[in-house]
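In: below: sequence and its predicted model.
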Amino acid sequence: MTTNYVVAQQVSKSFGRQQVLNQIDLTLPSGMIYGLIGPSGAGKTTLIKSILGMEAVDSGTVDVMGTRMPNRAVMAQVGYMAQSDALYETLTARENLKFFGQLMSVPKQKLVQMIDYAAGLVDLTSQLDQRVSGYSGGMKRRLSLAIALIQDPRLLILDEPTVGIDPELRQQIWAELNKLKATGKSMLVTTHVMDEAERCDYLMLIRGGIALAQGTPRDLKQQYDVATIEQVFLKAGRMQDANNGNR
Ligand SMILES: Nc1ncnc2c1ncn2[C@@H]1O[C@H](COP(=O)(O)OP(=O)(O)OP(=O)(O)O)[C@@H](O)[C@H]1O
């Protein structure tokens with residue numbers, strides 16, 4: 001049976017006079033990679049934070065794992081990788097992983113195994129005992145991803161996980177995300193990288209807080225009669241601008 005890990009219905013949110021999310025619906029079942037694409041300022045991070053219960057919505061509802069959000073216990077079960085890295089720079093990567101693992105109540109015997117697994121996944125095994133202050137931007141990003149995985153979550157929410165990560169490692173990370181998916185885990189991923197959008201099972205195109213289009217990459221390309229998601233993105237944007245101009 002397919003379970004819905006996330007069900008967001010008619011979510012709206014404003015900051016002051018600016019409406020950042022306008023009646024967004026999003027359903028994320030188990031075993032799916034769901035991509036959120038949209039230009040800078042479209043509302044992607046605000047939507048993610050609303051789903052996590054970190055941002056209060058003005059109207060609409062969000063359920064995660066069948067529980068109405070906000071809910072601290074459920075939030076703690078979600079692997080979340082924020083857009084900016086929240087790492088302890090004076091600690092080593094291993095110490096960071098250990099700290100966050102303990103915070104997430106990972107059992108002691110499992111923690112050592114999970115640190116090895118997560119570090120291997122992001123190719124940081126040989127640098128695990130270096131201080132984070134000496135890490136490059138891409139290494140920090142990879143460590144943040146490892147931390148999001150440390151408690152072996154069923155749901156991962158990743159805000160631009162591959163920014164600053166070189167193409168080869170990005171391939172490896174996507175291969176691993178697909179493996180995680182095959183075990184029934186789900187991922188909600190924001191990205192600016194169009195070839196990553198093509199790798200998602202399902203996409204929401206969001207612009208100015210409005211879900212312009214939703215569907216599988218193949219459906220979207222058919223719907224807009226174009227060859228790539230980048231072209232879908234451009235065409236949907238132009239159509240939105242034309243509609244706004246007509247109002
Ligand atoms: N706490 C806040 N207070 C006021 N405005 C905010 C706040 N957070 C976000 N915004 C505004 O809401 C809009 C959407 O921001 P959001 O970060 O959700 O966009 P985004 O699609 O994630 O962009 P990016 O791809 O650049 O990360 C932006 O105009 C932003 O300035």
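Out: Cool, the structure landed.
In: could you work out the end-to-end span of stretch 158-167 for me?
Out: The straight-line separation of the ends of stretch 158-167 (C-alpha to C-alpha, to the nearest Å) is 18 Å.
In: touching that stretch from outside, list them.
Out: For stretch 158-167, contacts defined as C-beta atoms under 8 Å, 6 or more residues apart in numbering pick out 44-45, 48, 80-83, 136-138, 140-142, 144-145, 148, 170, 173, 187-193, 196. The C-beta positions use only the backbone N, C-alpha and C, and glycine is treated the same way.
In: what do you get if the cut-off is 7 Å, keeping everything else the same?
Out: 45, 48, 81-83, 137-138, 141-142, 145, 148, 170, 173, 187, 189-193, 196 (C-beta atoms under 7 Å, 6 or more residues apart in numbering).
In: in the helix or strand containing Glu196, which residues are buried?
Out: If you go by DSSP states H and E, Glu196 is part of helix 194-199. Judged by neighbour count (16 or more other C-beta atoms under 10 Å), helix 194-199 contains these buried residues: 196-197, 199.
In: list the residues that contact Arg170.
Out: Thr162.
In: distance of the nearest residue to Arg199 once chain neighbours are set aside relative to Asp152?
Out: Spatial nearest neighbour of Arg199, excluding adjacent residues (C-beta to C-beta, 6 or more residues apart in numbering): Trp174 at 5.7 Å. Distance of Trp174 to Asp152, given as C-beta to C-beta, to the nearest Å: 19 Å.
In: returning to what we had before: turn the buried residues of helix 194-199 into a markdown table, columns for pLDDT and distance to Gln9.
Out: Listed next are the buried residues of helix 194-199 as a markdown table, based on pLDDT from 0 to 100; distance: C-beta to C-beta, whole Å:
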| residue | pLDDT | distance to Gln9 |
| --- | --- | --- |
| Glu196 | 89 | 27 |
| Ala197 | 93 | 24 |
| Arg199 | 94 | 27 |
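In: tell me who's in contact with Arg142.
Out: 122-124, 165.
In: same thing but at 8 Å, please
Out: Neighbouring residues of Arg142 by C-beta under 8 Å, 6+ apart: 122-124, 165, 169.
In: what helix or strand is Ser14 located in?
Out: strand 4-15.
In: need the CA coordinates for that strand. CSV is fine.
Out: Included here for strand 4-15 are C-alpha records, laid out as CSV according to Å, rounded to 0.1, in the frame of the first residue of the first chain:
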residue,chain,number,x,y,z
ASN,A,4,1.5,9.6,1.7
TYR,A,5,4.4,11.0,3.6
VAL,A,6,3.4,14.6,2.9
VAL,A,7,0.0,16.0,2.1
ALA,A,8,-0.2,19.8,1.8
GLN,A,9,-3.5,21.3,1.0
GLN,A,10,-4.3,24.9,-0.1
VAL,A,11,-1.2,26.3,1.7
SER,A,12,-1.0,30.1,1.6
LYS,A,13,1.5,32.3,3.3
SER,A,14,2.4,36.0,3.1
PHE,A,15,5.2,38.0,4.6
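In: each with direction, which strands does it pair with?
Out: Strand 4-15 sits in its sheet next to strand 18-29 (antiparallel), strand 59-64 (antiparallel), going by DSSP bridges.
In: contact residues of this structure facing the ligand?
Out: Selection of the chain residues close to the ligand by C-beta under 6 Å from any ligand atom yields 15, 20, 38, 40-46, 83.
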